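Trainee: kindly generate the corresponding structure for this input.
(chains A, B, C and D)
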There are 4 protein chains.
Amino acid sequence: MSTLNLETASRVLTAGQEAAAGIGVAMNIAVVDTAGNLVAFSRMDGAWLGSTDAALKKAKTSALFPMPSSALGELSQPGGPIYGIEVTNGGLITFGGGLPLTAADGTVVGAIGVSGGMVEQDVAVAEAGAKAV
Amino acid sequence: MSTLNLETASRVLTAGQEAAAGIGVAMNIAVVDTAGNLVAFSRMDGAWLGSTDAALKKAKTSALFPMPSSALGELSQPGGPIYGIEVTNGGLITFGGGLPLTAADGTVVGAIGVSGGMVEQDVAVAEAGAKAV
Amino acid sequence: MSTLNLETASRVLTAGQEAAAGIGVAMNIAVVDTAGNLVAFSRMDGAWLGSTDAALKKAKTSALFPMPSSALGELSQPGGPIYGIEVTNGGLITFGGGLPLTAADGTVVGAIGVSGGMVEQDVAVAEAGAKAV
Amino acid sequence: MSTLNLETASRVLTAGQEAAAGIGVAMNIAVVDTAGNLVAFSRMDGAWLGSTDAALKKAKTSALFPMPSSALGELSQPGGPIYGIEVTNGGLITFGGGLPLTAADGTVVGAIGVSGGMVEQDVAVAEAGAKAV
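Mentor: Below is the predicted model of the structure:
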């Protein structure tokens, strides 16, 4: 079974940084293993400090619930089936920017979390990172 | 007065696991006493890691407020009378999957919390567990 | 590579409970995976409530640092090389009662944490559990 | 005034990783700014999970109190002037492995924290990282 090593995590991080630089937004990018433990992280120069924790929590969210963080957000709005889920697990993020990382053999090996721009920008950078696994 | 012993808690856990297996969903199941203290817990193989904390918090919710966790959810929506209650007590869950456990003599002896599937599945498994008290 | 499934964790839990019953002490016993996530737990009737968290933290300690929890304690006394380590990782326990769980092929698959008696009793119960992997 | 950018933090991280590889120990390495906010992090393959938080806390310690983390340890032993300081700031580490990062002009720009080996190994890797600023 595939697992996430530092070489792969660094490649994901670099791909995310390049995508962020391409759109001119300074991002915080976190890569975690399947249990949500940190493997690699970088804060690009000028990125919002508050986005560091958001990136970490997005990555944790997509590790502990292996789906895009935004998928949880669709279900956790007021009146939704899992409204309030974000107070579990020490704090989750339920909007976009967290994505599972899937190896070539289909195994989920971890997750990426990106924060620093508009949510669509965070998602685009997370997708660029996830493609680099 | 009836209290929850480990034998009963284990019976509740087993009944929940059997119901979960019956619908083919790997669940986290927690059984707590009336103060929300953990008595018994199991994570079925392949259950989402993030659901561990959710199961514990659902059980705690239905212990500290002896009602179905979903009942709190009806009152804690935006504009509702207890909006935001979920940030108390170290984090509660206000959607379905937590249920009080009631002994034959009507005494509430604890609570069960289930997480791992769709909310209706969690509720069904919690009900199966609660019947086994 | 071996991993810890619920069947094995339950066998560890049962072996620990039998050893605890054999010495007449009510114990809290926790079994966690290699990342310290809870797999199975039981509180025996009459066990100290404060020992629940101690059992969980002992198991986490021996998962995150795969060695007996007491080994950390030898190094973390005042003046020792890792004095104060117990404030990391949300709280560790550095006295006896936590042990790694090792599969037949030598793989560490998780850890057990036991609390409820004198430390030597906790250690004896943890050893009985660990033998049942 | 010099500040810590990601390029420098990455150079520090790489120098630390090379030193760690040179002594054959898998390390967690964290680089933070002067406020203790994370800039860059890596967990080398096989490093203890529990050392992730230790590395982060060592770096935080040497950022918030700009001195080697071990210097705090000399003062925080039982009977010492700052006994118990490690429970402040969400948890500090008062043994070796945290070092301030100082720019060529003498400005402290952040800190490095290293954990994964014996304390002397952690210190050696932190020194190698700090030299690369």
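Trainee: low-confidence ranges, chain A, go.
Mentor: Low-confidence segments of chain A, defined by pLDDT under 70: A:1.
Trainee: if I pick the residue lying farthest from the centre of it, what's in contact with it?
Mentor: Distance from the C-alpha centroid of chain A, by CA atoms, centre = their mean, peaks at residue A:79 (25.7 Å). The neighbours of residue A:79, taking CB atoms under 8 Å, 6 or more residues apart in numbering or on different chains as the test, are residue B:77. For every residue, glycine as well, the C-beta is placed using N, CA and C.
Trainee: hmm, 10 Å instead?
Mentor: Neighbouring residues of residue A:79 by CB atoms under 10 Å, 6 or more residues apart in numbering or on different chains: B:73, B:77-78.
Trainee: in helices, which of the residues you listed appear?
Mentor: residue B:73 (DSSP state H).
Trainee: please pick the buried ones from the contacts of residue A:79.
Mentor: B:73, B:77 (16 or more other CB atoms under 10 Å in any protein chain shown).
Trainee: which among the contacts of residue A:79 gets closest to residue B:95?
Mentor: Taking CB to CB as the measure, residue B:95 lies nearest residue B:73 of the contacts of residue A:79, at 5.0 Å.
Trainee: near chain A too, which of the contacts of residue A:79?
Mentor: Filtering the contacts of residue A:79 for proximity to chain A (criterion: CB under 10 Å from any CB of the partner chain) leaves B:73, B:77-78.
Trainee: closest to chain C among these?
Mentor: residue B:73 (24.8 Å; CB to the nearest CB).
Trainee: can you list the ones next to chain A among the contacts of residue A:79 in JSON lines and add distance to chain C?
Mentor: Formatted as JSON lines, the ones next to chain A among the contacts of residue A:79 follow (distance: CB to the nearest CB, whole Å):
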{"residue": "B:73", "distance to chain C": "25"}
{"residue": "B:77", "distance to chain C": "31"}
{"residue": "B:78", "distance to chain C": "32"}
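Trainee: quick one: those residues as JSON lines, columns for distance to residue B:26 too.
Mentor: Output for the ones next to chain A among the contacts of residue A:79, formatted as JSON lines (distance: CB to CB, whole Å):
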{"residue": "B:73", "distance to residue B:26": "24"}
{"residue": "B:77", "distance to residue B:26": "30"}
{"residue": "B:78", "distance to residue B:26": "33"}
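Trainee: quick check, nearest of those residues to residue B:91?
Mentor: Checking the ones next to chain A among the contacts of residue A:79 against residue B:91 with CB to CB, the nearest one is residue B:73 at 14.2 Å.
Trainee: give the contact list for the residue of chain A found nearest chain B.
Mentor: As assessed by CB to the nearest CB, chain B sits closest to residue A:64 within chain A, at 3.0 Å. Residue A:64 is in contact with A:32, A:34-36, A:72, A:88-90, A:92, A:111, B:48-54, C:37, counting by CB under 10 Å, 6+ apart.
Trainee: ok, now with 6 Å
Mentor: The contact partners of residue A:64, taken as CB atoms under 6 Å, 6 or more residues apart in numbering or on different chains, are A:36, A:89, B:49-50.
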